[in-house]
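Student: Next come a sequence and a model predicted from it.
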Amino acid sequence: MDALLEQLYYNPETGFISANVLHKKAKEIDSSITLKQPISKKLVKSVLKNYNNTWHSSINTKPIQAKGVVMEGDLNHNRELMERLENELAIGATVLYRLDKGAFDKEKARWSKTVYEIVGIDGYRVQIRSKNRHTLYKALNDIKVFKSKATDAKVGKNQVFEAEELLDHKKMKNGKLKYFGLDMMIRHGNLKSIYV
């Protein structure tokens, strides 16, 4: 670094500063780094040592003991998911999705009432769509194959539907458009997004 700093000189075209000023600044920065470095090295070493020698319930061992060991449980889980993806789930299949559990909702239904159709698969993420084009993205574990036709999804406030439904509309006598039997009306010139 010293050799590079000594080579610098002031050039009006490029605007370089003299080597002396840069050399002084570099010394100041270097001295502040070297003062803090031994403390941070000790802290990092102690943190790594504590982490590697602590029992982890997720892998049922200490990380230092698991070094180089293949986690068969994770590999088997991924194999099962891929087999399920290839065998059970296909685009066009009808499914239900798992509902979120609430704190006091023990008697709550576990699966959605609405039947969805699989539209796309991206890795372990599945895109599902109801009959009225309500689209969700769910994990592979949260989907259950169900033999039925797709049904209309229950519509909540401020839910955004896909832009494809702009093509499926009925023109009414007053020049407004009505979408999928919903109570919402939109003038023809204002079709930016649809909120229900």
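Tutor: Cool, the structure landed.

Student: which element is the closest residue to Ser130 other than its chain neighbours on?
Tutor: Nearest non-adjacent residue to Ser130, counting by C-beta to C-beta, 6 or more residues apart in numbering: Ala153, 3.7 Å away. (C-beta placed from N, C-alpha, C; glycine too.) In this structure, Ala153 is located outside every helix and strand according to DSSP states H and E.

Student: who's in contact with Tyr116?
Tutor: The contact partners of Tyr116, by C-beta atoms under 8 Å, 6 or more residues apart in numbering, come to Thr94, Val95, Leu96, Tyr97, Ile128, Arg129, Ser130, Leu136, Ala150, Ala153.

Student: out of these, who has the most neighbours?
Tutor: For those, the largest number of neighbours (other C-beta atoms under 10 Å) sits with Ile128, at 26 neighbours.

Student: Show me the beta-bridge partners of that one.
Tutor: With DSSP bridges as the criterion, Ile128 is bridged to Ile118, Leu136.

Student: next one: phi and psi at the residue nearest to Ser130?
Tutor: Main-chain dihedrals, Ala153, degrees, to the nearest 10: phi -80, psi 150.

Student: my read: it touches His134, true?
Tutor: Yes. If you go by C-beta atoms under 8 Å, Ala153 and His134 touch, sitting 3.5 Å apart.

Student: Show me the common contact partners of these two, please.
Tutor: Residues touching both Ala153 and His134 by C-beta under 8 Å, 6+ apart: Thr114.

Student: Return the residues in contact with Leu85.
Tutor: Ile121, Tyr124, Leu140.

Student: Using CSV, list the CA coordinates for whichever strand or helix holds it.
Tutor: Following DSSP H and E, the helix or strand that holds Leu85 is helix 72-87. C-alpha atoms of helix 72-87 as CSV (Å, rounded to 0.1, in the frame of the first residue of the first chain):
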residue,chain,number,x,y,z
GLU,A,72,-30.3,-37.7,5.9
GLY,A,73,-33.5,-36.3,7.4
ASP,A,74,-33.4,-33.2,5.3
LEU,A,75,-32.5,-35.1,2.2
ASN,A,76,-35.3,-37.6,2.7
HIS,A,77,-37.9,-34.8,3.3
ASN,A,78,-36.9,-33.1,0.1
ARG,A,79,-37.1,-36.4,-1.8
GLU,A,80,-40.6,-37.0,-0.5
LEU,A,81,-41.7,-33.5,-1.5
MET,A,82,-40.3,-34.0,-5.0
GLU,A,83,-42.0,-37.4,-5.4
ARG,A,84,-45.3,-35.8,-4.2
LEU,A,85,-44.9,-32.9,-6.6
GLU,A,86,-44.2,-35.3,-9.6
ASN,A,87,-47.0,-37.9,-8.7
